[in-house]
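S.K.: fold the following for me, if possible:
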Amino acid sequence: MARQTDLLKKIDFTRSDWCVHVRVVRMWEPLFGKQQFPSSLELAVMDNEGTRMWCTIPQLMIKSVKMKDLGAKIQNKFQQNTSIIATDDHDFPSTQFDIRSCADVLNRNGVNEVDLIDVLGLLVTKHDIVPFSIEGKPHRRLTIVLQDLEKNTIECTLWDSYIDELFNKVNFEGTEPVIILLQFCQAKTFKGQMIITNTRHSETKMWINSDISVINDFKKSLSGDDGDASSHLITTVSSTQSETIVDDLMSSLVRSIEELLTLEEGAIVWICGTVMGIVPSEKWCYLGCRKCSKSVRKDGNKFYCRSCNTYQTKANERYVVETNVVDSTAPISVIIWNRECFQIYGKIANEMRETKDGNVSSFPAELELICGRKFIFKIHKKSASNSSGELTYHVIKITDDKNLLTKFVIPPSDGVSDEKPYVTAEETPCSKSQESIGDTIFKDCTPAKRLFPTPSMDDDSHKTSATKVPKITVKVEK
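M.R.: Numbers count the residues shown, from 1 in each chain. Model (predicted):
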C-alpha cells in the first residue's frame with residue numbers, strides 16, 4: 001500500500017518523517033562569492049496545490065537536503081536516510097505560478113522583500129543599460145517597465161545575463177506585444193517605491209512570449225474581442241532624453257537654421273523647419289545591434305558588434321534617413337534616426353522596406369511622405385565618426401504638434417516668406433517635378449537634389465555631412 005503524502009504547507013519541525021510528492025519547477029547551480037565551481041544543487045519544487053519550496057542539495061551530501069518555503073522560508077532538514085524517487089505523474093500540473101499583480105507588489109499586499117514571487121506583464125518601456133563595477137568586476141543593470149491588465153505599471157531591474165537574454169529574445173523595434181513572466185523574482189524598495197528584480201544567484205527564470213497558458217491568456221486579454229493582438233511599441237527612455245518635449249521647449253530657445261550653422265560643435269538646439277526632400281540612398285536603414293543600436297557586421301550566420309564586442313544571432317533594421325530642411329533663413333541637411341522615424345511613419349524599418357506587391361524596395365517611395373511637412377527638431381551638432389572633421393546634424397527629438405508649432409515657430413524676417421523661402425507650396429518636392437526654378441534647370445532629379453548636393457555617407461557610422469550645404473537664394477518664377 002502506497003504511503004500517504006504530506007502537503008508542503010504542513011511541514012514543520014514537529015516531525016522528521018515527512019513524505020512529499022512534488023514537481024521540480026526550477027533547478028540551478030549557484031556560485032557564491034569567488035567560487036569557481038558550484039557547491040550545491042538548488043531546486044525549486046511545487047506540490048499539486050501550488051505550494052513551493054526551495055531545496056538545497058550539497059554536492060558532497062546529496063541526501064542531506066534542506067528545504068525552505070519560498071514564501072515563509074520555513075526550513076527543514078532531511079535525515080541521512082531520506083530517499084528521492086522519480087515518479088511519472090501526468091496529472092501533476094506542469095507549470096504553476098504564484099503570480100502577483102503590480103498593484104499587490106506596489107502596495108505590499110501580501111508581498112515582502114523576502115518572498116520569491118512571480119510577476120506577469122506587458123513590456124512597455126525600456127531604459128538605457130547602466131554599466132558599473134564591483135571590486136573591479138564589470139556589471140550591468142537595465143530598468144524595464146511592465147504593465148498588467150489593469151494598466152498598473154511596475155519597474156523591473158534586470159542584471160547582467162538576464163539583460164543578454166532579454167535582448168536576444170525581444171525585437172525592441174517591433175510592434176508585437178512582448179509578455180514577460182518573471183518566476184521567482186524579488187520585490188525590493190528603491191527610492192521609497194517597490195520594484196521587482198531578478199535574484200543574485202540565478203533563481204529567477206524569465207519567460208518571454210513563451211507558449212504557456214498564463215502568457216497565452218494574457219495575450220488574449222490584450223487582443224480584445226476581435227482576437228487580433230494589438231500593436232504595442234516599446235518606449236525607449238534615454239537618460240539624456242527623459243524630459244518631455246513640452247518641458248524641454250519651455251526651457252529652451254528655438255533658433256533659426258542660420259544661427260545653428262554658426263554654433264560650435266556639440267551644440268544642442270531646437271529649430272523649426274519644413275522638410276523639403278529626402279536624400280535618396282540605399283543606406284536609409286542599417287543593421288543595428290540589439291543591445292547598443294550601433295551598426296553590426298555580418299559574419300557567417302551571426303552579427304558582430306564592434307561596440308559591444310559580441311556576436312549576436314539577430315540584428316534589427318534601423319532607420320537613418322537624411323532629410324533636407326529649410327526655414328526662412330537657410331537650408332540644412334539633417335539625419336533622422338530610428339525612434340523618430342517610427343514616430344513619423346508609424347512602422348518599423350523592415351516593414352517600410354516591403355512594397356505593396358510584397359517585393360523589397362531599396363528606397364521606399366513612402367519615405368517621401370514627410371516632404372512638405374513642418375516640424376520642430378531638436379538637433380545635436382557633432383563631428384562625423386569617420387575622422388573627416390566634418391560636422392553632422394542629428395535629430396534627437398521631433399514633433400509636429402500644431403499647438404507647439406503655432407507657439408514656437410520662428411517669425412518671418414522682413415520681406416521673407418515665413419513658410420518656404422526657396423520654393424512655393426505648389427513646388428514642394430511632394431508635388432510634380434519642376435523643369436526650372438529661377439535660373440537653375442533641374443531635369444530627372446529627385447526633390448532632395450534640387451536644393452542640396454548629396455553629402456557623402458560613411459559606411460560604418462551611417463552619418464552624413466551637412467557642413468558643406470551652401471546658403472543659397474533661389475528665385476521663384478511666378
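S.K.: switch to C-alpha atoms for all contacts and neighbour counts from now on
M.R.: Noted.
S.K.: bridging residues for Glu42?
M.R.: Counting by DSSP bridges, Glu42 forms beta bridges with Trp28, Thr56.
S.K.: the one 10 residues further on now?
M.R.: Partner residues in beta bridges with Arg52, using DSSP bridges, are Met46.
S.K.: can I get whichever strand or helix holds Ala187 as CSV, trimmed to CA atoms?
M.R.: According to DSSP states H and E, Ala187 maps onto strand 179-190. Output of strand 179-190 as CSV, limited to C-alpha atoms (Å, rounded to 0.1, in the frame of the first residue of the first chain):
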residue,chain,number,x,y,z
ILE,A,179,4.7,39.5,-22.5
ILE,A,180,7.2,38.7,-19.7
LEU,A,181,6.7,36.4,-16.8
LEU,A,182,9.4,36.7,-14.1
GLN,A,183,9.3,33.5,-12.0
PHE,A,184,11.0,33.5,-8.6
CYS,A,185,11.8,37.2,-8.6
GLN,A,186,12.1,39.5,-5.6
ALA,A,187,10.4,42.7,-4.6
LYS,A,188,12.7,45.5,-3.3
THR,A,189,12.3,49.0,-2.1
PHE,A,190,14.0,51.6,-4.3
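S.K.: can you name the next helix or strand after that strand?
M.R.: Per DSSP H and E, the first helix or strand lying C-terminal to strand 179-190 is strand 193-197.
S.K.: list the buried residues in that following strand.
M.R.: Under the neighbour-count criterion of 16 or more other Cα atoms under 10 Å, strand 193-197 has Met194, Ile195, Ile196, Thr197 buried.
S.K.: go on, stretch 146-157?
M.R.: By neighbour count on 16+ other Cα under 10 Å, the buried set for stretch 146-157 is Leu146, Gln147, Asp148, Thr153, Ile154, Glu155, Cys156, Thr157.
S.K.: contacting residues around the second one?
M.R.: What it means is Gln147. Each residue near Gln147 by Cα atoms under 8 Å, 6 or more residues apart in numbering is listed here: Cys102, Gly121, Leu122, Leu123, Val124, Thr153, Ile154.
S.K.: return the member of the residues you listed nearest to Thr14.
M.R.: Nearest to Thr14 out of the contacts of Gln147 is Cys102 (Cα to Cα; 36.8 Å).
S.K.: is it true that that closest one touches Thr153?
M.R.: Yes. Here Cys102 reaches Thr153: they are 6.2 Å apart, a contact under Cα atoms under 8 Å.
S.K.: and stretch 6-24, C-alpha only, in PDB?
M.R.: Extracted as PDB, the C-alpha positions of stretch 6-24 are listed here (Å, rounded to 0.1, in the frame of the first residue of the first chain):
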ATOM      1  CA  ASP A   6       2.000  15.300   3.000                       C
ATOM      2  CA  LEU A   7       1.400  18.800   1.600                       C
ATOM      3  CA  LEU A   8       4.300  21.200   1.700                       C
ATOM      4  CA  LYS A   9       2.300  23.800   3.700                       C
ATOM      5  CA  LYS A  10       2.000  21.300   6.600                       C
ATOM      6  CA  ILE A  11       5.700  20.700   7.000                       C
ATOM      7  CA  ASP A  12       7.000  22.000  10.300                       C
ATOM      8  CA  PHE A  13       9.600  21.000  13.000                       C
ATOM      9  CA  THR A  14       7.400  18.600  14.900                       C
ATOM     10  CA  ARG A  15       8.300  15.500  12.800                       C
ATOM     11  CA  SER A  16      11.200  14.100  10.800                       C
ATOM     12  CA  ASP A  17       9.400  11.600   8.600                       C
ATOM     13  CA  TRP A  18       7.600  13.700   6.100                       C
ATOM     14  CA  CYS A  19       6.800  12.200   2.700                       C
ATOM     15  CA  VAL A  20       6.000  14.800  -0.100                       C
ATOM     16  CA  HIS A  21       5.100  14.400  -3.700                       C
ATOM     17  CA  VAL A  22       6.400  17.400  -5.700                       C
ATOM     18  CA  ARG A  23       7.500  18.500  -9.100                       C
ATOM     19  CA  VAL A  24      10.800  20.200  -9.700                       C
END
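S.K.: can you give me the end-to-end span of stretch 333-344?
M.R.: Criterion Cα to Cα, to the nearest Å; first-to-last residue distance in stretch 333-344 is 18 Å.
S.K.: ugh, typo on my part, it should be stretch 248-263
M.R.: Terminal residues of stretch 248-263 lie 20 Å apart, using Cα to Cα.
S.K.: next one: stretch 246-266
M.R.: Start to finish, the residues bounding stretch 246-266 are 22 Å apart (Cα to Cα).
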